[in-house]
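Enquirer: Turn this into a structure:
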Amino acid sequence: MKIVVLGAGAWGTALAMGAAQQAGGHAVTLWARDGQQVADMQVRRQNARYLPGIDFPTALAVSGADPLALARAADLVIVATPMAALRSMLLALRGCQAPVAWLCKGFEAVASANSGSFGLLAHEVCAQVAPDLIAGVLSGPSFAQEVARGQPTALVAASRHASVRDALVAAFHSPSLRVYANDDIVGVEVGGAVKNVLAIATGLCDGLNLGLNARAALITRGLAEMTRLGVALGARSDTFMGLSGMGDLVLTATGDLSRNRRVGLLLAQGQSLQQAVDSLGHVAEGVYCARTVAQRAAGLGVDMPITQAVVALLDGRLAPADAVGLLMGRDPASELR
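Expert: A predicted model of the protein is given here:
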């Protein structure tokens, strides 16, 4: 299979490396926009910017050529850009005959909070700008460094099209990477988006030394928020018991490699949001989509108090310690609602 990965961040690089090591002999090309990064990766045979010290497999090709030409010649196209760049990439890929799958997690940011519009999930963006694409998403609990090192990982390939699910399984399923198929793309994308916001809250909780009881409560009630939003958007509730729901939430909320968790930890230490983001060196999607998640939930009448507290915290309207009082001081409620 000829696979092109458009975007050479940590996650796109890790998946390209995994596919290139397959026993079946996939022909994998990793594309980067930055010519200097391309040249550096070609010489060093590693992505020193995002995955330093992890060598590329021999079969992995690196290119800075026309991405559309690469896509037209591929059997599978992986879009490994951040959410903010997805729309433009899908626009460029209109007319592509090969299955397309994106890796980004989140809701697209809206231009203005007062515009009356709301952020879209990736499949909704695709339906707007490239409705003829046969497309889906590859998601689940995964840190790029571990995948690049070949450590055991499980992902979910979600699409309404069986051909996309099958292509993703064929491309990436291996002895170290299990890929499960799911046709509930709405649920998989909601899980991948909301867990980033909840991870900020959990990092804040741990940074304030609130204890393991508090962490467990936060993750569990966060999963309830995620499920309520997903069901309101048309997802199946059981999807959130799987890899992109509970699995990705637990990993991102508790794993020390999580950028979103790190944001919460740094805010608890008294850093400003800008200081926290600047120190990461990578995109923390939860920072950019938290407000959009809250807006989408409000428009649907879905109660998401943890998400709302994170938004207030990121906006500077709420101090870290006050967020705890806000959440714990709410009126009693039924657990299953």
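Enquirer: So which residues make contact with stretch 26-33?
Expert: Residues from elsewhere that reach stretch 26-33, judged by C-beta atoms under 8 Å, 6 or more residues apart in numbering: 1-8, 12-13, 16, 19-20, 38, 41, 59-65, 67, 70, 74, 171. Heads up, the C-betas are built off the backbone N, CA and C, glycines and all.
Enquirer: Among those residues, name the buried ones.
Expert: 1, 3-8, 12-13, 16, 19-20, 38, 41, 60, 62-64, 67, 70, 74, 171 (16 or more other C-beta atoms under 10 Å).
Enquirer: Among those residues, name the ones in strands.
Expert: Taking DSSP state E as the definition of strands, those contribute 3-6, 60, 62-63.
Enquirer: what about the protein, any weak spots by pLDDT?
Expert: Within the chain, the set of residues satisfying pLDDT under 70 comprises 111-117, 337.
Enquirer: Specify the residue ranges that define each domain of it.
Expert: Domain assignment for the chain by automatic domain parsing gives 2-183, 193-328.
Enquirer: centre of the chain versus the longest helix seen in the chain, how much separation?
Expert: Using DSSP state H to define each element, the chain has its longest helix at helix 185-207. On the basis of C-alpha atoms, centre = their mean, to the nearest Å, helix 185-207 sits 9 Å off its chain's mean C-alpha point.
Enquirer: Am I right that residue 157 sits in a strand?
Expert: Yes: assessed with DSSP: H, G, I helix; E, B strand; the rest coil, residue 157 lies in a strand.
Enquirer: doesn't residue 163 make contact with it?
Expert: No: applying C-beta atoms under 8 Å as the test, residue 157 and residue 163 come out as separate, 11.1 Å apart.
Enquirer: count of neighbours near residue 71?
Expert: 23 (other C-beta atoms under 10 Å).
Enquirer: ok, so what distance separates the residue nearest to residue 228 when sequence neighbours are not counted from residue 92?
Expert: Excluding the flanking residues, the one nearest residue 228 by C-beta to C-beta, 6 or more residues apart in numbering is residue 302, at 5.1 Å. Between residue 302 and residue 92 the computed distance is 34 Å (C-beta to C-beta, to the nearest Å).
Enquirer: Looking at these two, which has the bigger crowd around it?
Expert: Set residue 302 next to residue 92 and count neighbours by other C-beta under 10 Å: residue 302 wins out with 19 against 16.
Enquirer: who's in contact with the more buried one?
Expert: 225, 228-229, 232.
Enquirer: Give me the buried subset of those residues.
Expert: So, by 16+ other C-beta under 10 Å, the buried ones in the contacts of residue 302 are 225, 228-229.
Enquirer: Residue 85: which of the residues you listed is nearest?
Expert: residue 229 (24.1 Å; C-beta to C-beta).
Enquirer: That closest one and residue 191 touch, don't they?
Expert: No: counting by C-beta under 8 Å, residue 229 does not reach residue 191; the two are 9.8 Å apart.
Enquirer: And the contacts of stretch 184-196?
Expert: With C-beta under 8 Å, 6+ apart as the test, stretch 184-196 has contacts from 105-107, 121-123, 136-137, 139, 156, 158-160, 182, 222, 225-226, 229-230, 233-236, 239-240, 242, 244-245, 248-249, 252-253, 260, 284-286, 289-290, 293, 307.
Enquirer: one more time with 6 Å, if that's ok
Expert: 105-107, 121-123, 137, 139, 156, 158-159, 182, 226, 229-230, 233-236, 239-240, 244-245, 248-249, 252, 260, 285-286, 289, 293 (C-beta atoms under 6 Å, 6 or more residues apart in numbering).
Enquirer: in this structure, which spans are strands?
Expert: 2-6, 27-31, 60-63, 76-79, 100-102, 135-139, 153-158, 177-182.
Enquirer: what ranges do the helices span in the stretch 201-337 of the chain?
Expert: 212-232, 248-254, 259-268, 273-280, 285-300, 305-314, 320-328 (DSSP state H, counting those that start in this stretch).
Enquirer: Buried residues, stretch 322-337. List them.
Expert: Within stretch 322-337, the residues that count as buried by 16+ other C-beta under 10 Å are 323-324, 327.
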